[in-house]
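>>> Sequence and computational prediction follow.
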Amino acid sequence: MKKALVIGGGFAGCAAAHQLMLMGGWDVTLVERAPFLGAGVRTRYYGGHPYTFGPRHFLTPWPHVFEFLNTYVPMRRCADHQFLTYVERDQRFYTYPIHADDIPEMPEAAKIEGELSAINIEALSKLSSAEIAGMSRKEARGVNLASQARNFEDFWIYSIGETLYDKFVDRYSRKMWQIDDNKQIDDFTWSPKGVTVKEGPRAAWDTAISAYPIAFNGYDDYFSIATEGVNVHLSTTIENYDIPNKTVWIDGEKHTFDLIANSISPDILFEKCHGELPYVGRDLHTIVLPVEFALPPEVYFIYFAGDEKFTRITEYKKFTLHKAPTTLITLEVPTMTSKYYPLPFESEKAKAKKYFDEMPDDVHNIGRAGTYLYNVDIDDTIRHALEMAEKIKS
Ligand SMILES: Cc1cc2nc3c(=O)[nH]c(=O)nc-3n(C[C@H](O)[C@H](O)[C@H](O)COP(=O)(O)OP(=O)(O)OC[C@H]3O[C@@H](n4cnc5c(N)ncnc54)[C@H](O)[C@@H]3O)c2cc1C
């Protein structure tokens, strides 16, 4: 039997251990620092309500990833739900992402329309008449200056103009990343939900599968199924790493492996020799309210775009369908005291690459911290494990 080590027992680590067990021929050891598997996706309980650390609803554009999870944890498709943003200075809620149909309702509607058409005219003026002739009217209307952006602030101002940027993006992003200036963000390939101004349905996920486990304990059974037959070490950290030789020390004993699947921050594997990789964290506050539902039926989350200390509230019953006369919401407050979101800075990605470059072929980096990529969600962790299995087989 070949020996494999999985570092970290969140969704990515469990999914990787699962793939190795499904393949057969692997003796798998998983090391997890916490006393439980699943990390923030594991179901917790407050006032009798099941919830997770943040929404953790399952969204994917990949049907095969959905089908894979659905085989082990039967999933319920969520109705098309909406996100809202609260803009305190307007004293109102708007659809999130910014929706084209909301713009005429905004106090600065005429100014915003003017800014959007100025961006459009300037961008069109930079194209050749042949390029413009090949476009539909809708495509031509959507042309903006975003391709010239050097940072996140440019990207948004060139896409939506100063007023919408100020109203929806500026404070939210600085709060989300705990920074003073959005020009600091130079990796802006991500954008919330992939669009700047949305047209068409108001539902946030009209192009993806949106689902949540049917079971009262959410995804928890998956973590047990995925690690059946795996040597799981909970409440354990590796004392020493020699990654080039795929060797680690656990409980004072030296172990060498044929393969490592790593889902934790790569700097830890090399004693931060190229410097520490930064992250932003979250504090999560649970609040039970004396009403059956707090948010409108179609609304699962609300984002707060202003100077509020928190970024988002979530109503869990919308996913879990838990029946109770009260409802649970959580409030997410960004903090630097925990580590959940890799920072979208090119300099930090370059630092992470130095660590990846030192890893031999049989070390696979998976999951959010393992790849040091912000935009890794639950479906991506499963996809990473499936791709790792394909690589091993080939
Ligand atoms: C607040 C929040 C809300 C989210 N909501 C959604 C959502 O609605 N939908 C969605 O698809 N995605 C969501 N995500 C993202 C998604 O849940 C995560 O990206 C995914 O679960 C990450 O899994 P992972 O295994 O890569 O990392 P993690 O879940 O972080 O797991 C890593 C594991 O490694 C362990 N570990 C860390 N250091 C060590 C060490 N030194 N030794 C041993 N073990 C260690 C940790 O204890 C943890 O269990 C959310 C993320 C956050 C933070």
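Ah, there it is. Numbers count the residues shown, from 1 in each chain.
>>> So which bits of the stretch 51-200 of the chain are right by the ligand?
Residues of the stretch 51-200 of the chain lying close to the ligand (C-beta under 6 Å from any ligand atom) are 53-57, 59. Glycine gets a C-beta too; all of them are placed from N, C-alpha and C.
>>> residue ranges for the strands of the stretch 151-300 of the chain, please.
Assignment of strands within the stretch 151-300 of the chain using DSSP state E, counting those that start in this stretch yields the ranges 209-213, 231-233, 240-242, 247-250, 253-256, 259-262, 279-289, 299-304.
>>> if we can go back for a sec, now that we have the residues of the stretch 51-200 of the chain next to the ligand, which one has the most neighbours?
residue 56 (24 neighbours; other C-beta atoms under 10 Å).
>>> where does it land on pLDDT?
On pLDDT, residue 56 comes in at 96.
>>> Could you double-check that it sits in contact with residue 378?
Yes - counting by C-beta atoms under 8 Å, residue 378 is a contact partner of residue 56 at 6.5 Å.
>>> which neighbours do those two share?
Here residue 56 and residue 378 have residue 41 as joint contacts, going by C-beta atoms under 8 Å, 6 or more residues apart in numbering.
>>> Now residue 2. Nearest residue, chain neighbours left out?
Nearest non-adjacent residue to residue 2, counting by C-beta to C-beta, 6 or more residues apart in numbering: residue 258, 4.3 Å away.
>>> for that neighbour, what are its contacts?
With contact taken as C-beta under 8 Å, 6+ apart, residue 258 is in contact with 2-4, 246, 362.
>>> Quick check: residue 93 touching residue 86?
Yes - contact criterion C-beta under 8 Å: residue 93 and residue 86 qualify, at 5.4 Å.
>>> Next, format the contacts of residue 258 as JSON lines and append pLDDT.
Putting the contacts of residue 258 into JSON lines (pLDDT from 0 to 100) gives the following:
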{"residue": "2", "pLDDT": "98"}
{"residue": "3", "pLDDT": "98"}
{"residue": "4", "pLDDT": "98"}
{"residue": "246", "pLDDT": "98"}
{"residue": "362", "pLDDT": "97"}
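>>> Top of those by number of neighbours, please.
Result: residue 4 is most packed of the contacts of residue 258 (other C-beta under 10 Å), 27 neighbours.
>>> Buried residues in the lowest-mean-pLDDT helix or strand in the chain, which are they?
Every helix and strand in the chain was compared by mean pLDDT, DSSP states H and E; the lowest is helix 137-141, with a mean of 82. Across helix 137-141, burial judged by 16 or more other C-beta atoms under 10 Å covers residue 140.
>>> Could you do stretch 318-337 as well?
By neighbour count on 16+ other C-beta under 10 Å, the buried set for stretch 318-337 is 318-320, 322, 326-332, 334.
>>> Please state the offset of that stretch from the chain centre?
17 Å (C-alpha atoms, centre = their mean, to the nearest Å).
>>> rewinding a little: please flag which of the residues of the stretch 51-200 of the chain next to the ligand sit within helices.
Assignment to helices by DSSP state H places none of those there.
>>> what's the least confident helix or strand of the chain packed up against?
Applying 3 or more C-beta pairs under 8 Å, 6 or more residues apart in numbering; DSSP states H and E, we find helix 137-141 packed against helix 109-125.
>>> Could I get the contacting residues of the residue nearest to residue 26 when sequence neighbours are not counted?
Leaving aside its chain neighbours, residue 26 sits nearest to residue 20 (4.3 Å; criterion: C-beta to C-beta, 6+ apart). For residue 20, the contacting residues are 4, 6, 26, 28, 259, 261, 389, 392, by C-beta under 8 Å, 6+ apart.
>>> hmm, 10 Å instead?
Neighbouring residues of residue 20 by C-beta atoms under 10 Å, 6 or more residues apart in numbering: 2, 4, 6, 26-28, 30, 226, 229-230, 259, 261, 385, 388-389, 392.
>>> looking at these, which has the most residues close by?
Within the contacts of residue 20, most neighbours by other C-beta under 10 Å means residue 6, with 32 neighbours.
>>> That residue contacts residue 12, doesn't it?
Yes - counting by C-beta atoms under 10 Å, residue 6 does reach residue 12; the two are 8.9 Å apart.
>>> hey, what's in contact with both of those two?
Counting by C-beta under 10 Å, 6+ apart, the shared contacts of residue 6 and residue 12 are 261-263, 366, 385.
>>> So which of the residues of the stretch 51-200 of the chain next to the ligand are in strands?
If you go by DSSP state E, these have residue 59 in strands.
>>> Would you convert the residues of the stretch 51-200 of the chain next to the ligand into CSV that also reports distance to residue 110?
Listed next are these as CSV, based on distance: C-beta to C-beta, whole Å:
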residue, distance to residue 110
53, 43
54, 38
55, 36
56, 41
57, 37
59, 36
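>>> before we move on, the earlier item: out of the shared contacts of residue 6 and residue 12, which touch the ligand?
Restricting the shared contacts of residue 6 and residue 12 to those touching the ligand (C-beta under 6 Å from any ligand atom) yields residue 263.
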